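J.: Just need the structure, nothing else, for what follows:
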Amino acid sequence: QVELVESGGGLVQAGGSLRLSCAASTRDFSNYDMGWFRGPPGKEREFVAAISKSGRGTWYADSAKGRFTISRDNSKNTVSLEMNMVAPEDTAVYFCAGDSYVAGSHDAPWEWTYWGQGTQVTVSS
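T.: Residues are numbered from 1 along each chain as shown. From the prediction side, this is the model:
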């Protein structure tokens, strides 16, 4: 069992930046692919970005490419999402996800086993 706890959400103006973090409670964090999704609570989640166990592989949704950066620190059991040039359409609850094996492009929420509770990001225009 892996517990994921997100932090860093809040209110930001359009064009600004925000950094989300996710802390994982597991001794073998480096054995998990990690990802970020977003969406309304209780509804299907939209893929944002994912990162491989080592950090050498990354995947991004088209909406995130060039603006968001996913990174991880395996020594601290954390994964982060740096969000730049945010826009009102980025407003959502952002969820951290983890799994020991994710096939393909990592963009299907049903492929991920562990989820955090989410952190709200609101972008004002």
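J.: List the buried residues for stretch 104-121?
T.: His106, Asp107, Glu111, Trp112, Tyr114, Trp115, Gly116, Gly118, Thr119, Val121 (16 or more other Cβ atoms under 10 Å). Any C-beta I mention is one placed from the backbone N, CA and C, and that applies to glycine too.
J.: Going by distance to Val93, which of those residues wins?
T.: Set against Val93, the nearest of those by Cβ to Cβ is Gly118 (4.1 Å).
J.: Against Ser7, how distant is the residue nearest in space to the middle of the chain?
T.: Taking Cα atoms, centre = their mean, the centroid of the chain lies closest to Trp36, which sits 2.0 Å from it. Trp36 is 13 Å from Ser7, where distance means Cβ to Cβ, to the nearest Å.
J.: likewise Ile70?
T.: From Ile70 to Ser7 the distance is 15 Å (Cβ to Cβ).
J.: cool, and Ser30?
T.: To Ser7, Ser30 is 21 Å away according to Cβ to Cβ.
J.: all strands for the protein, in order.
T.: Secondary structure of the chain (DSSP state E): strands located at 3-7, 10-13, 18-25, 33-39, 46-51, 58-60, 68-73, 78-83, 92-99, 114-115, 119-124.
J.: Let me have those in CSV, extended by mean pLDDT.
T.: Converted to CSV, the strands of the chain look like this (pLDDT from 0 to 100):
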stretch, mean pLDDT
strand 3-7, 98
strand 10-13, 97
strand 18-25, 98
strand 33-39, 97
strand 46-51, 97
strand 58-60, 96
strand 68-73, 98
strand 78-83, 98
strand 92-99, 97
strand 114-115, 96
strand 119-124, 97
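J.: joint contacts of Trp36 and Ser7?
T.: Common contacts of Trp36 and Ser7 (Cβ atoms under 8 Å, 6 or more residues apart in numbering): Leu20, Cys22.
J.: Now do stretch 94-114: everything it contacts.
T.: Residues from elsewhere that reach stretch 94-114, judged by Cβ under 8 Å, 6+ apart: 1-6, 9, 20, 22, 24, 31-39, 44-45, 47-48, 50, 59, 61, 79, 81, 115-121.
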